[in-house]
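Engineer: here is a sequence with its predicted model. Questions after.
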Amino acid sequence: MSTYNTIILGSSPNALTAACYLARGGKKVLVLEPSEHIGGAVATAQFADGFKGDIGLMSGRLETEIVKELKLADHGLEVIERKTMTSLLPGAKSFTLPADRDAAEKVIAGFSSADAKKYKPFMQLVDLASDFLRSAYDVTPPRHHPPQKDDVDTLSKLTSQLKGYGRREMTEVMRLLVMSIRDLMDEWFVSPELKGLIGSAAIRGINQGSFAGNTTYTLLHHVAQGDGFFRSTAKGGIGGLCQALAAAAKASGVEIRTKCGAMSVNVADGVATGVTVGSDTIDASIVISDYDARYTFTHLVPPPELEPEFNRAVKNIRYNGAVARLNLALKELPKFAGVSDDALSGTLVLAPSITYLEKAYDGGKRGDISNQPYLEVTIPTVGDASLAPKGKHVMSVWMQYAPYHSAVKPDHLRDLVIQQLSEFCPNLKSLVEHAEVLTPREFESQFHLTEGSLYGGEINLTQAFYLRPIPGFAQYGTPISQLYLCGSATHPGGITGLSGRNVARELGVRDMVPA
Amino acid sequence: MSKTSNNHYDVIVIGGGHNGLVNAAYLGKAGKKVLVLEQRHTVGGATVTEEVYPGFKFLIASYLISLLRPEVIQELELARHGLEIMPLESTFVPLANGNYLADWPDHEATRHEIERHSKRDAEAYDEYARVMKRLAIALRPLLDMIPPDPTSVTAKDLETMARVRGVLNNMTRDDFHLLSRLMTMSAADFLDEWFEGTALKGTKCTSGIIGTFMGPRSPGTGYVLLHHYIGELDGTFRAWGFARGGTGALSQAIASAAREAGVEIKTNSPVAHVNVKNGEATGVTLENGDEYTAGIVVSNADAKRTFLKLIEPKHLPDDFVSDVNRFRIASPACKVNLALDGLPEFTSMPKGKEALLRGSIEIAPSIDYVEQAYDDAKYGGWSRKPFMDALIPSLLDPGMAPPGKHVMSLFVQYASSDLEGGWNEEKKAQFLDIVIDTLAEHAPNLKKILIHKHIMTPWDLERMIGLTSGHIFHGELALQQLFFLRPSPQWSNYRTPIKNMYMCGSSTHPGGCITGAPGRNAALAILEDRP
């Protein structure tokens, strides 16, 4: 039996990215995935005969530098851009915002000349703020308090970036991080439809409403990850990201086992010594969990190994999965009233106003499903015919709020979503051949995502930077020596691969680009 | 009126609210010739006691003292000028099931009471009290600081930034992490981490929402919770106090200290505008046309009123005007006063515990209750079951009502300043009825003993006292409006883009409540510039 230096539990883009860099650093790496899909919930799987749908996230982008450094294009990564956002409005109206800012300005001028003038300056401010976040995301958060030498280096680089923006811009960026998206939208725009469309990115994936403080941080997070407004996926669906990473990993000598069976971390005297998988015990000097902190420390690690204080911190992590996902197998391409066929390759959004989003959350916060939900819709088959039988299509829907603590019935949810969309696409119901509904409960039971959180813990300011995933443990290490975390649960959160790359750096990999 | 030397002052303070008076008193003590101009017939602004109904003294706006800086009390010798603060003895929270929750300044007594509801919470309460006190002590120095501008590289700003870092670096890593979390999270999430008791969390969460248009589940309310904890009274944290004679008596005491320092106070003198020449403030013109000149003009009014109404925008940079415009000031707070022919009888108050009537009576049985109250109001409405913090001042100071009769003062949330369709007398009456009905559910004899009822909605607080949108803190205590961002980046140090013009109201750091801190800090800033 071969011996491994490093075992990674889970196979999300962060796990595979870590595997690639560690293998480059000369480690012998084994990746274990209990499900049949590489990627876990970041996968695209057949949900009806000949139809493939994304399981969890339905968009996402790997960090550009990682794509380059790991030569992922050579390993089959083909990015598909969604270049438009179409806002579905009451009365079967809509408008389509293109990624090109000049063109977008013209579209906005069609309903608000005041907002059209402000669009580009607004996006420039968002660029500054998200570039700043992007820099913060590329480093391991400060370790000590008060900051010591390495922390001071990290912090002063970030501070000088901020200062380089100019005095006014610096404070504007700082304000943004703590603002509610409602406040931000009110400061910039007047038209409810533009506020709703842009603002929806601020509540995407969290169980908070648009009036809640700090929601702008969540928006900036998505933008910093290249998954803000104009999004992307990969050929073959979101799972295409993992397929390319897995190919790169294998080429570097990483071994990947899917359907590996139940896993647990072996710990002796506070040190991780390896993994038990099925009936096998595999030793390794380093064990990395791609799972979220609560799942890792309540299911993968024997509980007596942890101090009560640490357990309390784990318990306090906010997960609050609130997203349900639907994949619909469609007989033919649906027609949305007033929406061009071109726009069907982009993202359709039902978020007509900031108030609409807050009202959707009013149910969500009490553990009820929104009757008027926030929806995002894509038809991935428009850009990638391989996902459905010829002439047929897949519609993928993101629905909020379907909170983990609600008694959500999948059939009811399916009917609700189809009914909402029928206003814009009247014959939708008759096109549906099959529907797959995934609620936070399914994400938890099938993919071990605590409370169904697709991000391994809510993306909010209280759980960011040196506080993610647990204050005092933001440097990827854990109270158990030689056990690390690498998933979306860790800083910065998300599926860009940055967590994986940061972990590899923490574990001593210095040359991110091979000689 | 011609300009004579009689109309010239070193400093004119626009508005005789408690911060304006504090500011004037400090400047007077420093030897300046100071004039305070107050629009109403009495000083105090929102810190007044008024006989709205014959024989009954109402606290028409602010009602308790909790955050008044001890420096202000000592340096202005307010006790000698008649200020007498009576610590609030308890909090009583009636519950729907006939039970109640109480707390007292005495930790052990409160702990016992909490234990009656949950043994686990009683244990957590010890640590909670210690932690909150530690955080409050750590942050306290920031309250008395003129905020630095983090974008500036002047020696002064760099030195102040270093002091801010010092405050944070003096904390342990655990406390620093906890502070970071508390500042960014919701009061509800924070309390959920500590406690299980519904009623305990209900009453504790109210410190996170008082005066703010947020619900306890909104991130940002954790900070407000801490803001109120910093309140300090004779060394006791989170102790609320009642001034004998009502909060108006505090204003009178500060006014007395100011007058003793040579400050002149003119009431019934509403200012129409600030006079600006070549980018410098030169004085003010009253609504009756009278002019006063001064080397320095200080505004105690909120930022919106000061810079959008009292000063012509042409005198201000565009960025600053847009900062003032975007300053969030929507308010959900009302004040109700009741004249009573006896004491309310709370069904959940056990025999022998009537002393609890002398404290605060809080209608906040759960976080859900308070959140629902917010939800009802947040789209331009009002709470169908409001949150209330009530007090019976006449039990503490019999002079507040005729013998045998009582005054009840209620702080009430939420009723939107941006009420759909706007406020009018009929809507005021409707909301007042809701307040009374809600209270009567807990004290059924209320309507029988009711002699007179009076409400100050955000609409009234604006038109009577001049608070924009009726905001009791002169602007939301949202994170983007705090410290070096309050009220505007680069202008958080009490100075303004207009030379010789300053701000001293709650729109500046550290914001609202009866703290006196903006008034005092502004005086320090002015004396730095003009020793």
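Structural biologist: Done, it's in.
Engineer: quick one: contacts for the closest residue to B:Ile363 other than its chain neighbours?
Structural biologist: Distance criterion Cβ to Cβ, 6 or more residues apart in numbering or on different chains; nearest residue to B:Ile363, sequence neighbours excluded, is B:Met388 at 4.2 Å. Just so you know, the C-beta spots here come from the backbone N, C-alpha and C atoms, and that holds for glycine as well. Shown in contact with B:Met388 (Cβ atoms under 8 Å, 6 or more residues apart in numbering or on different chains): B:336, B:361-364, B:410-413, B:435, B:438-439.
Engineer: same thing with A:Ala136?
Structural biologist: Applying Cβ under 8 Å, 6+ apart to A:Ala136 gives the contacts A:158, A:465, A:492.
Engineer: out of the residues you listed, name the ones that lie in helices.
Structural biologist: With DSSP state H as the criterion, helices contain A:Leu158 from among those.
Engineer: B:Glu75: neighbouring residues, count only.
Structural biologist: Neighbour count of B:Glu75, defined by other Cβ atoms under 10 Å in any protein chain shown: 16.
Engineer: which helix in the chain runs the most residues?
Structural biologist: Looking at chain A here, since you left the chain open. Looking across chain A with DSSP H, the single longest helix is helix A:113-137.
Engineer: please go with chain B instead
Structural biologist: With secondary structure taken from DSSP H, chain B has its longest helix at helix B:119-143.
Engineer: so what's the residue count around the residue in the stretch 1-150 of chain B that chain A sits nearest to?
Structural biologist: Residue nearest to chain A within the stretch 1-150 of chain B: B:Pro150 (7.4 Å; Cβ to the nearest Cβ). When neighbours are defined as other Cβ under 10 Å, B:Pro150 has 22 of them.
Engineer: how about the residues of chain B near chain A?
Structural biologist: Proximity of chain B to chain A, by Cβ under 8 Å from any Cβ of the partner chain, involves residues B:150-152, B:168-169, B:171-174, B:176-178, B:180-181, B:184-186, B:189, B:193, B:214, B:217-221, B:319, B:326, B:328, B:368, B:371, B:375, B:378-379, B:478-480, B:484-485, B:489-490.
Engineer: now the residue in the stretch 401-515 of chain A positioned nearest to chain B, what's its secondary structure?
Structural biologist: Nearest residue of the stretch 401-515 of chain A to chain B: A:Pro471, at 3.5 Å (Cβ to the nearest Cβ). Three-state assignment for A:Pro471 (DSSP: H, G, I helix; E, B strand; the rest coil): coil.
Engineer: number of nearby residues for B:Asn7?
Structural biologist: A total of 16 residues lie near B:Asn7 under the criterion other Cβ under 10 Å.
Engineer: which parts of the longest helix of chain A are buried?
Structural biologist: A:115-116, A:118-119, A:122-123, A:125-126, A:128-134, A:136-137 (16 or more other Cβ atoms under 10 Å in any protein chain shown).
Engineer: next one: stretch A:42-53
Structural biologist: A:42-45, A:47-48, A:51-53.
Engineer: which one of the residues you listed is nearest A:Leu9?
Structural biologist: Using Cβ to Cβ, A:Val42 is the member of the buried residues of stretch A:42-53 that lies nearest A:Leu9, at 14.9 Å.
Engineer: domain assignment for the chain?
Structural biologist: Unless you meant another one, I'm taking chain A. If you go by automatic domain parsing, the domain ranges for chain A are A:6-43+A:57-77+A:237-318+A:453-506, A:105-230, A:319-446.
Engineer: hmm, no, I was thinking of chain B.
Structural biologist: As assigned by automatic domain parsing, chain B contains the domains B:5-47+B:67-84+B:244-328+B:468-529, B:106-234, B:329-465.
Engineer: would you mind putting the ones you listed into a markdown table with mean pLDDT alongside?
Structural biologist: Below are the domains of chain B laid out as a markdown table (pLDDT from 0 to 100):
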| stretch | mean pLDDT |
| --- | --- |
| domain B:5-47+B:67-84+B:244-328+B:468-529 | 96 |
| domain B:106-234 | 93 |
| domain B:329-465 | 97 |
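Engineer: go through those and pick out the most buried.
Structural biologist: Comparing those on average neighbours per residue, with mean count of other Cβ atoms under 10 Å in any protein chain shown, the densest one is domain B:5-47+B:67-84+B:244-328+B:468-529 at a mean of 22.
Engineer: just give me how far that domain sits from the chain centre.
Structural biologist: Relative to its chain's centre, domain B:5-47+B:67-84+B:244-328+B:468-529 lies at 15 Å (Cα atoms, centre = their mean, to the nearest Å).
Engineer: and the residue of the stretch 201-350 of chain A closest to chain B?
Structural biologist: Across the stretch 201-350 of chain A, no residue is closer to chain B than A:Gly213, which sits at 3.0 Å (Cβ to the nearest Cβ).
Engineer: so what pLDDT did that residue get?
Structural biologist: On pLDDT, A:Gly213 comes in at 95.
Engineer: tell me which element it is part of?
Structural biologist: Here A:Gly213 sits in a region with no helix or strand, counting by DSSP states H and E.
Engineer: cool, B:Leu179 as well?
Structural biologist: Secondary structure assigned from DSSP H and E places B:Leu179 in helix B:173-184.
Engineer: helix or strand next in line after that helix, which one?
Structural biologist: helix B:187-194.
Engineer: that next one versus helix B:119-143: what angle between them?
Structural biologist: Counting by axes from the mean of the first three to the mean of the last three Cα atoms, to 10 degrees, helix B:187-194 points 130 degrees away from the direction of helix B:119-143.
Engineer: check which helices and strands helix B:187-194 is in contact with.
Structural biologist: With contacts taken as 3 or more Cβ pairs under 8 Å, 6 or more residues apart in numbering or on different chains; DSSP states H and E, helix B:187-194 sits against helix B:119-143, helix B:198-205, helix B:221-229, helix B:367-377.
Engineer: how far does the longest one sit from the chain's center?
Structural biologist: Yep, that's helix B:119-143 we're talking about. For helix B:119-143, the distance to the chain centre is 22 Å (Cα atoms, centre = their mean).
Engineer: sorry, back to before: out of the buried residues of stretch A:42-53, what pair is the most spread apart?
Structural biologist: Spanning the widest gap among those are A:Val42 and A:Ala48, at 20.4 Å by Cβ to Cβ.
Engineer: OK, contacts around A:Asp227?
Structural biologist: Residues in contact with A:Asp227 (Cβ under 8 Å, 6+ apart) are A:59-61, A:494.
Engineer: let's see that with 7 Å instead.
Structural biologist: Going by Cβ atoms under 7 Å, 6 or more residues apart in numbering or on different chains, A:Asp227 touches A:59-61.
Engineer: strands of the stretch 401-515 of chain A, start to end?
Structural biologist: Under the criterion DSSP state E, counting those that start in this stretch, strands of the stretch 401-515 of chain A are mapped to A:432-438, A:483-485.
Engineer: with respect to burial, which of the ones you listed scores highest?
Structural biologist: Among those, ranked by average contacts under mean count of other Cβ under 10 Å, first place goes to strand A:483-485 (a mean of 26).
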